[in-house]
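[1] Got a sequence here, can you build the structure:
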Amino acid sequence: MYKVKTYVVTTLIFFVIDIFWLGFISKDMYQEKIGQLMKVDVNWTAAILFYLFFIFGLLFFVILPALRKNSWKYALFVGAFFGMTTYATYDMTNLATLKEWPLVITVVDISWGTLLCGITSVSAYGIIRKWGGQQNGHALD
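    Okay, the predicted model is just below:
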């Protein structure tokens, strides 16, 4: 039950922040820079599956270890590193293989992934800790 609660909390935090980014802050930039590459209709099945797997990776590699270590610093810095690495994988591959992939999108997107995952990880860590993510001094597994 603990991991399910952690997954739900992390997913909600990630979605709220990322939807704000995609829907309000960066929408025009993406349209201007890579609009010619974007689909008119989003493949929601693929998008949702990506997010579900990505959140699982964030939990497995960052948040659950941070809870075990009782370290918000681990959550923040390893979360940011996870975001940088995963977003760089996507963006650098696109930069290397797509004719019209702009460098500015690569830089902005990697920066965003770093910030998003760092904030999500430390926030999820804090909420789970506050909501009883510890029992007898040990993080629950």
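[2] Name the residues of the longest helix anywhere in the chain that are buried.
    Ranked by residue count and defined by DSSP state H, the top helix of the chain is helix 103-130. For helix 103-130, the buried set under the neighbour-count rule, 16 or more other Cβ atoms under 10 Å, comprises 105-106, 108-110, 112-129. In short, each C-beta sits where N, CA and C put it, glycine included.
[3] where does this structure dip in pLDDT?
    Applying pLDDT under 70 to the chain picks out residues 1, 133-141.
[4] what secondary structure does residue 132 sit in?
    With DSSP: H, G, I helix; E, B strand; the rest coil as the basis, residue 132 sits in coil.
[5] So what's the residue count around it?
    10 (other Cβ atoms under 10 Å).
[6] Run through who's touching stretch 123-133.
    2, 5-6, 9-10, 13, 63, 66-67, 72, 75, 139-140 (Cβ atoms under 8 Å, 6 or more residues apart in numbering).
[7] do that again at 6 Å, thanks
    6, 9-10, 13, 63, 66-67, 72, 75 (Cβ atoms under 6 Å, 6 or more residues apart in numbering).
[8] Check stretch 71-91 too.
    With Cβ under 6 Å, 6+ apart as the criterion, stretch 71-91 contacts 61-62, 66, 106, 109-110, 113-114, 116-118, 121-122, 125.
[9] How about it, which residues are buried there?
    72, 74-84, 86-88, 91.
[10] quick one: it to chain centroid distance?
    8 Å (Cα atoms, centre = their mean, to the nearest Å).
[11] just stretch 115-127 next, same as before
    For stretch 115-127 - counting by Cα atoms, centre = their mean - the centre lies 9 Å from the chain centre.
[12] Stretch 81-99 now?
    14 Å.
[13] Then stretch 29-46?
    The answer for stretch 29-46 is 19 Å, by Cα atoms, centre = their mean.
[14] And for that stretch, what's in contact with it?
    102, 105.
[15] in that stretch, what's buried?
    Of the residues in stretch 29-46, those buried (16+ other Cβ under 10 Å) are 33-34.
[16] so which two of the buried residues of stretch 71-91 are the farthest from each other?
    Farthest pair in those (Cβ to Cβ) is 72 and 91. Separation: 27.6 Å.
[17] Report the spatially nearest residue to the residue nearest to the spatial centre of the chain, omitting neighbours in sequence.
    Among the residues of the chain, residue 117 comes closest to the average C-alpha position under Cα atoms, centre = their mean, at 4.1 Å. By the measure of Cβ to Cβ, 6 or more residues apart in numbering, the closest residue to residue 117 outside its immediate chain neighbours is residue 83, 2.7 Å from it.
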